[in-house]
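# Below are the sequence and a predicted model; questions follow.
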Amino acid sequence: MSIDANYPSLGTKPLPRLIAFYLTQFHPIPENDGWWGKGFTEWTNVTKSSPLFEGHFQPHLPGDFGFYDLRVRETRRDQITVAKQYGIDGFCYYYYWFSGTRILNLPFDDMLADPESDMPFCLCWANENWTRRWDAADHEVLIAQKYLPEDDINFIKALVPIFEDKRYIRVDGKPYLIVYRPQHIPDALHTVRVWREHCRSIGLGEIHLCAALTHGNDDYAKFGFDSGVEFPPHNLRSPNINHEINFYDAFQGNVMQYAKIAQSYLDCAYDTSRVFKTVFPSWDNTARVGARALVVLNGSPENYEYWLSSTIDQVQRSDHTDQLVFINAWNEWAEGCHLEPDRWFGHAFLQATLNAKNGLRRFTAFTDIGLPHTQELPHRTFWKDLVDVLCYHTELKLANLKNAVKRQPLLRCMLLPVIRAVRAYRTPN
């Protein structure tokens, strides 16, 4: 650990609000029962995961909150208490809306109805297909976004009562809405116009529309949005290091270094003027996609604290005053990115969040940049491996033979002189 006494001051601007993305898929629903089997929740994926190489942190298992069910109101209240204790200013809930059909909405609806759930919140419309492979590609679509002609007005009408909730997060005084894949909306400029005109017509006023920078999209303005938000690890600009890892089995994904990824986002400059920054504590979606995973090495509390601290300082040097910094995520357990306490690090990621928000600035660089192994991987050849296998099994058979002889006293007495003679011959003078 190093401390830089000359680190620049945070200045007089107010701190950005820290908003953590929040997943509601920790309770069973009929749709998931049909697609994945009775009782499926996100925990089903999480608990079946296993390491892909030596030193690989899998599975990610929960600490304080256990394998919770978000139908339990007390669980959500406990989450809010802990999140606020460690400096989180709000949750951004994923909102699953398919032409009027909502999915995974029970925890969110219960939060709306519960005045003791006093955490500020906003929404991110997860407007992508649900597919069998968990990647939103068209391999086997479970439920599709249809973008019907009436969807634009029906969607915004459904959101207005939510925008009017006193806990709803506003930016520059306007209700703040993220759209996960604006590039999928057939005519985004028309859709945005419908949304804005309806909100004005009912007296709600202006809304702030934010486009997630995902799946290659790096421009919010062309869709008529007011801002963009980074969504790491989307739009990665970092090479993999697969060749440096000794995998147990065939691997088709990518292993990358946390420091390289984080620095690429810190260095990223955008042509447009309003992009909200995002960091993640760690990332590893092995639980969802197995050998196709993106595994980010060294997602440690120390590295995360440095990335978040540096991001807060960047944001405070910007021209905008009403700023948000997002954290991906509060509880994405199957993607290996969660602030919630786990069995590896306990409360360390939460404490790192509070440290960064309080301006401690304990680190001047990323501290964890190594590989999960320290020894050089041995060079292997066919003949060497064959000899090793033969030697192993020969020694095993000899050991079995020795044990068999020991169980036959008469045979042991007959062979004992021979064994002593061999030992004497092999022992140097």
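Yep, that arrived. Residues are numbered from 1 along each chain as shown.
# And stretch 108-118, end to end?
Start and end residues of stretch 108-118 are separated by 13 Å (Cα to Cα, to the nearest Å).
# Tell me, how many residues neighbour Asn129?
Taking other Cβ atoms under 10 Å as the criterion, the count of residues near Asn129 is 19. Yep, even glycine has a C-beta here, placed from its N, CA and C like the rest.
# if I read this right, it contacts Lys146, doesn't it?
No - taking contacts as Cβ atoms under 8 Å, Asn129 lies outside contact range of Lys146: 9.9 Å.
# residue nearest the centroid of the chain?
Closest residue to the average C-alpha location of the chain: Cys337 at 2.9 Å, with Cα atoms, centre = their mean.
# Could you give the backbone dihedrals for that one?
For Cys337, the backbone dihedrals (degrees, to the nearest 10) come out as phi -130, psi 110.
# Quick check: Lys174 touching Arg200?
No - using Cβ under 8 Å, Lys174 is not in contact with Arg200; the gap is 11.5 Å.
# what sits in contact with each of those two?
Both Lys174 and Arg200 are in contact with Glu206, where contact means Cβ atoms under 8 Å, 6 or more residues apart in numbering.
# which of these two has more neighbours?
Regarding Lys174 and Arg200, a neighbour count based on other Cβ under 10 Å identifies Lys174 as having more, with 18 against 12.
# Quick check: beta-bridge partners of the residue nearest to that one when sequence neighbours are not counted?
Setting aside the residues directly before and after it, Lys174 is nearest to His208 in space (Cβ to Cβ, 6 or more residues apart in numbering), at 4.1 Å. With DSSP bridges applied, the residues forming beta bridges to His208 are Tyr176.
# cool, Val255 as well?
Counting by DSSP bridges, Val255 is bridged to Val295.
# My read is that it contacts Val295, right?
Yes - here Val255 reaches Val295: they are 4.7 Å apart, a contact under Cβ under 8 Å.
# More neighbours: these two, which one.
Using other Cβ under 10 Å as the criterion, Val255 and Val295 rank with Val295 on top: 26 against 23.
# can you pull the contacts of that one?
Val295 makes contacts with Leu52, His56, Gly253, Asn254, Val255, Met256, Trp283, Asp284, Thr286, Gly336, as judged by Cβ under 8 Å, 6+ apart.
# do the same with Ser117
Neighbours of Ser117 in contact, by Cβ under 8 Å, 6+ apart: Arg73, Arg76, Arg77, Ile80, Met111.
# my guess is the first one meets Pro115, correct?
No - look at Arg73 against Pro115 with Cβ under 8 Å: they stay out of range, at 11.5 Å.
# out of those two, which sits in the busier spot?
Counted by other Cβ under 10 Å, Arg73 and Pro115 do not tie: Arg73 has more neighbours, with 15 against 8.
# Angles on the backbone of that one, please.
Per-residue torsions, Arg73: phi -60, psi -40 (degrees, to the nearest 10).
# what are the ranges of the helices in the stretch 251-400 of the chain?
Under the criterion DSSP state H, counting those that start in this stretch, the stretch 251-400 of the chain contains helices at 258-267, 286-289, 301-316, 348-357, 382-406.
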